[in-house]
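J.: Sequence and predicted structure, then a few things I'm wondering about:
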Amino acid sequence: MNFDIKIERSYLQKGTNGTIHYQNKEVCKCVELPWFDNRPRISCIPEGRYTVFIRETDEHGIHLYIPCVPGRNYILICPLNLQIRELQGCIVPVLKHTGQGMGSGVEEAMKLLMETLYEDLMEVKPIKLIISSKQKSDEGAMPGDSGEGQTGSSGQGSVQVA
């Protein structure tokens, strides 16, 4: 049985939209910051293979922690309110994409994700997260693009959960 969590991304100008799969089934969607060369707090993390762990904190409840992202610290898969200043490179599960790097149903999607993964996370360690591109798009900023002239505040302050 395959215990990898897979995220397939689409890179867009104002955010990154993805789909989270587990055991070859779609669990939910996700949103992230746009790609800005893996710069801390303003970029999504690079594509690749990561180890994930389950943990619980007062601030985020039960969530997933990705400890070994090159050049980054405290990358989480957790329910945030999708304000750009709070994402800081984390991955936020959502039920539905509502725009570029935007979505709705954060709490419900996180609950669904944790219900799907919980038993295996408790029994199978470590579980891997594999992040890849869904497709190449001329519309979005792709890994390798510098994103020159764009910042985390380039009109993205309106990113909120409906």
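T.: Now that the structure is in, tell me what you want to look at. Numbers count the residues shown, from 1 in each chain.
J.: can we go C-alpha only for contacts and neighbour counts from here?
T.: Fine.
J.: quick one: the helices in this protein?
T.: Under the criterion DSSP state H, helices of the chain are mapped to 84-87, 106-123.
J.: The nearest residue to I62 once chain neighbours are set aside: neighbouring residues, count only.
T.: Counting by CA to CA, 6 or more residues apart in numbering, I62 lies nearest to E56, which is 4.2 Å off, once chain neighbours are set aside. By the other CA atoms under 10 Å criterion, the neighbourhood of E56 contains 11 residues.
J.: So for E56, what pLDDT did the model give?
T.: In this model, E56 is scored at 89, pLDDT.
J.: For the closest residue to I45 other than its chain neighbours, give me phi and psi.
T.: Leaving aside its sequence neighbours, I45 sits nearest to N38 (CA to CA, 6+ apart; 5.6 Å). Per-residue torsions, N38: phi 60, psi 30 (degrees, to the nearest 10).
J.: what sits against N38?
T.: By CA atoms under 8 Å, 6 or more residues apart in numbering, the contact set of N38 is 44-46, 71.
J.: And the lowest mean pLDDT element among the helices and strands of this protein?
T.: Ranked by mean pLDDT, DSSP states H and E, the weakest helix or strand in the chain is helix 84-87, scoring a mean of 68.
J.: What's the PyMOL line that selects buried ones from the contacts of N38?
T.: Buried members of the contacts of N38, defined by 16 or more other CA atoms under 10 Å, are picked up in PyMOL with:
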select buried, resi 44+45+46
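J.: Include distance to E115 and pLDDT when you put the contacts of N38 into JSON lines, please.
T.: Shown next, in JSON lines, are the contacts of N38 (distance: CA to CA, whole Å; pLDDT from 0 to 100):
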{"residue": "C44", "distance to E115": "25", "pLDDT": "96"}
{"residue": "I45", "distance to E115": "25", "pLDDT": "96"}
{"residue": "P46", "distance to E115": "26", "pLDDT": "97"}
{"residue": "G71", "distance to E115": "30", "pLDDT": "93"}
